[in-house]
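Trainee: please work out how this folds:
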Amino acid sequence: MYRMIPWILCFGVPAVFLINGPPMPVVLQVAMVVMAAALCFISLAKLRNLADEVKDGGDHLLVRKGSAEERIPLSNVIGVGPSLRSRMTNGPLVLPVQSA
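Mentor: Here you go, the predicted structure:
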């Protein structure tokens, strides 16, 4: 369900505005739809690489994305730094990981 929220925001809100909003020229309507689609696909492309869940296992991290789960030893973590999102909010940190 939570994966549908960006789609609803990207297309549902502009659709409601176009249907119930004040009349506007067709050019502006098309521009609004194109901009909403572009922003939606850019946002979803950036979110696609995120893990679904990360659990602390003491000396390792359990990272799950879909049905795949991977164990990453903390000795392979190079460093921890804030992501752009965490600078704007109190969001998660980014872990650069050394390849095994």
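Trainee: is L50 located within a helix, as I assumed?
Mentor: No. The assignment for L50, made by DSSP: H, G, I helix; E, B strand; the rest coil, is coil rather than a helix.
Trainee: residue ranges with poor pLDDT in the chain?
Mentor: 1-3, 81-100 (pLDDT under 70).
Trainee: domain-wise, how is it divided?
Mentor: 2-47, 53-94 (automatic domain parsing).
Trainee: would you turn those domains into TSV with mean neighbour count?
Mentor: The way it works is simple: take the backbone N, C-alpha and C, and place the C-beta from them, glycine included. Listed next are those as TSV, based on neighbours: other C-beta atoms under 10 Å:
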stretch	mean neighbour count
domain 2-47	12
domain 53-94	11
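Trainee: any chance you could list what contacts the longest helix along the chain?
Mentor: In the chain, taking DSSP state H as the definition, the longest helix is helix 26-47. For helix 26-47, contacts defined as C-beta atoms under 8 Å, 6 or more residues apart in numbering pick out 6-7, 9-11, 13-14, 17-18.
Trainee: in TSV, list those residues along with distance to V63 and secondary structure.
Mentor: Listed next are the contacts of helix 26-47 as TSV, based on distance: C-beta to C-beta, whole Å; DSSP: H, G, I helix; E, B strand; the rest coil:
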residue	distance to V63	secondary structure
P6	22	helix
W7	25	helix
L9	27	helix
C10	27	helix
F11	31	helix
V13	32	helix
P14	35	helix
F17	39	helix
L18	40	helix
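Trainee: possible to save those as a markdown table with distance to V33?
Mentor: Formatted as a markdown table, those follow (distance: C-beta to C-beta, whole Å):
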| residue | distance to V33 |
| --- | --- |
| P6 | 16 |
| W7 | 14 |
| L9 | 14 |
| C10 | 10 |
| F11 | 8 |
| V13 | 12 |
| P14 | 6 |
| F17 | 11 |
| L18 | 8 |
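Trainee: just those residues now: which is nearest N49?
Mentor: Nearest to N49 out of these is P6 (C-beta to C-beta; 14.4 Å).
Trainee: OK, contacts around the closest one?
Mentor: 40, 43-44, 47.
Trainee: in three-state terms, label L62 for me.
Mentor: Classified using three-state DSSP, L62 is strand.
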